[in-house]
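>>> Provided below are the primary sequence and the corresponding predicted coordinates.
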Amino acid sequence: PVPGSRSASLFQRARRVFPDGTSRVTIERNPTPRYIAGGEGPYLTDADGARFLDLNANFTTLIHGHAFAPVISAVERQLRSGSCFASPTEAEIALGTLLCERVPRLERIRFVNTGTEAVMFAIKAARAFTGRSAIAKIEGAYHGAYDWVEVAQASSPDNWGRADAPASVPYYRGMPASVLDETIVLRLNDADGAIKLLERNAHRLATIVIDPMPSRAGLVTPEPAFISALQETARSLGVLIVCDEVLNFRQGYHGAASRCGLEPDLFALGKIIGGGFPIGAVGGRADVMAVFDAGHGRPLLPQGGTFSANPISMVAGCAAMEALDQAAFARLDELGATLRAELEGAITRSGAPFSVTGAASLFRIHPKPSPPKEFREACWNTMEAQTMGSMSRFFLRHGIILPDAAACLSTPMGAAEIDKIVRVFEAFLAELNGRNSD
Ligand code: PMP
């Protein structure tokens, strides 16, 4: 948005009340944030009337795009009879049942309000079950705002530590030293390194938190050998596996873990399961989830939340998830595979040093000649960051919002949208080649 635009004048007002003019560090500024007037299906319209194909979809949440009719009618109906109560409603049973029926090993579930809370309660549940407090997580992976999983996200070549012992890099000034000490950092796809670190810390580890395709660590597919090494080591050491599927649950009808052969003890879910409303869920093995059981007095892990399982999020989630049947996932898979193959074709034809990662409806373009295998390989140097900045501005000028870490497709998209993305990428590569030969 340019000076004088409606977005720019809204931002001026916003800066008087928010420390940086926004409520989320993830908001893009170019140079001011783009304020949104509304969305419809896969498209967004900003406050100045410009229209965009939305590959962000509120950070991959809106798998049916904006203003999905079944969600609107379910929420409208629910709103007329109240938005939240201090007692349960039938709506939560419907969504809980749907999820437990679809996901192997998801035997019991509890709803919360965000992915952050889902991950937090999964970690606390693992602690309550094992009686241990430390966790292991993947370098560079994002899991929300619970301190332990915030460790090792501000890593850069200056501080990321040895390859076989990644540093527990703090995320913010004043982060407790005890948190850093209690967080073991593993590198994605480094099975030998992970086994050594897990064995060395086994006595104090409650859980390994893993997102099967961590977006900020590169949206990289985990290697089967890495998954089975984690699985076997965790089992033999009595350490639980928490699978954070907040983002990657959109990979399939049965979720992401079953897709990559992971057998988690606990899951953290969020985003798509709320149909566009705030949600999170923690679930998994019935014996582990029993730490929440308050049926016979105080549980090992008391868990509440004013808006947990509120009926608006529950009915919206049901409407969205019911529309996501096996056929809908198969169609998204095919669209995603076609798109990634066509982007790769464009790269090969142009000879430019790019690569593509992702799965199902997710993709990420890297300014690297071969696809990265883990966080450190996926990090950008200054020149690569400039290239990616100019790519995202190029896409915006051509009417597409392309996020850096995880771009996604949605069910209202089809061949026309895939074609548009590929054509804009080809034009960008042509411009880049032209620039480089000047
Ligand atoms: N885990 C993962 C993998 C995520 O992608 C996110 C959100 N981007 C979260 C946890 C946190 O979810 P929320 O923003 O709903 O708190």
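Great, that's in hand. Numbers count the residues shown, from 1 in each chain.
>>> closest point of the stretch 101-250 of the chain to the ligand, which residue?
Closest approach between the stretch 101-250 of the chain and the ligand, counting by CB to the nearest ligand atom: residue 115, at 2.2 Å. All C-beta atoms are positioned from the backbone trio N, CA, C, and that covers glycine.
>>> and that residue, how many neighbours does it have?
28 (other CB atoms under 10 Å).
>>> please apply the same query to residue 149.
28.
>>> got a pLDDT number for it?
Looking at residue 149, its pLDDT is 98.
>>> list the contacts of it.
Residue 149 sits next to 119, 123, 135, 137, 141, 143, 183, 209 when contact means CB atoms under 8 Å, 6 or more residues apart in numbering.
>>> for the fifth one, which non-adjacent residue is closest in space?
Just to be clear, that refers to residue 141. Using CB to CB, 6 or more residues apart in numbering and skipping residues adjacent in sequence, the residue nearest residue 141 is residue 214, 3.7 Å away.
>>> against residue 368, how distant is the residue positioned nearest the centre of the chain?
Most central in the chain under CA atoms, centre = their mean is residue 247, positioned 3.0 Å from the mean C-alpha point. Look at residue 247 and residue 368: by CB to CB, to the nearest Å, they are 22 Å apart.
>>> same question for residue 340.
15 Å.
>>> just residue 223 next, same as before
Shown here: residue 223 relative to residue 368, a distance of 18 Å by CB to CB.
>>> same check, this time on residue 278
Applying CB to CB to residue 278 and residue 368 gives a distance of 35 Å.
>>> could you dump stretch 367-381 to PDB, C-alpha only?
C-alpha atoms of stretch 367-381 as PDB (Å, rounded to 0.1, in the frame of the first residue of the first chain):
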ATOM      1  CA  PRO A 367      15.900 -19.600  -3.700                       C
ATOM      2  CA  LYS A 368      18.200 -22.700  -3.700                       C
ATOM      3  CA  PRO A 369      19.200 -24.900  -6.600                       C
ATOM      4  CA  SER A 370      18.300 -28.100  -4.700                       C
ATOM      5  CA  PRO A 371      15.500 -28.500  -2.100                       C
ATOM      6  CA  PRO A 372      16.800 -28.000   1.500                       C
ATOM      7  CA  LYS A 373      16.700 -31.000   3.800                       C
ATOM      8  CA  GLU A 374      16.500 -29.100   7.100                       C
ATOM      9  CA  PHE A 375      16.400 -25.600   8.700                       C
ATOM     10  CA  ARG A 376      20.000 -24.600   8.200                       C
ATOM     11  CA  GLU A 377      19.900 -25.400   4.500                       C
ATOM     12  CA  ALA A 378      16.600 -23.600   4.200                       C
ATOM     13  CA  CYS A 379      17.900 -20.300   5.700                       C
ATOM     14  CA  TRP A 380      18.500 -17.400   3.300                       C
ATOM     15  CA  ASN A 381      21.600 -15.400   2.900                       C
END
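>>> and that stretch, how far out from the chain middle?
How far stretch 367-381 lies from its chain's middle: 19 Å, per CA atoms, centre = their mean, to the nearest Å.
>>> in that stretch, what's buried?
367-368, 371-379 (16 or more other CB atoms under 10 Å).
>>> of those residues, closest to residue 330?
Using CB to CB, residue 371 comes nearest to residue 330 of the buried residues of stretch 367-381, at 24.3 Å.
>>> quick one: contacts for the residue of the stretch 301-438 of the chain found nearest the ligand?
For the stretch 301-438 of the chain and the ligand, the shortest gap (CB to the nearest ligand atom) falls at residue 406, measuring 7.7 Å. With contacts defined as CB under 8 Å, 6+ apart, the neighbours of residue 406 are 59-60, 215, 219, 247, 358, 362-364.
>>> so how far is residue 377 from residue 310?
41 Å.
>>> same check, this time on residue 340
18 Å.
>>> repeat for residue 42
31 Å.
>>> same check on residue 114?
Residue 114 is 30 Å from residue 377, by CB to CB.
>>> please report which of the contacts of residue 406 has the highest neighbour count.
residue 247 (29 neighbours).
>>> name the nearest residue to that one, sequence neighbours excluded.
residue 60 (5.4 Å).
>>> pretty sure the one you found contacts residue 271?
Yes - Residue 60 is within contact range of residue 271, at 6.0 Å (criterion: CB atoms under 8 Å).
>>> spit out the residues that contact the two alike.
247, 250.
>>> may I see the buried residues of the top helix by length along the chain?
What stands out as the longest helix in the chain, according to DSSP state H, is helix 326-350. Using 16+ other CB under 10 Å as the test for burial, helix 326-350 gives 329, 331-333, 335-336, 339-340, 342-343, 346-347, 350.
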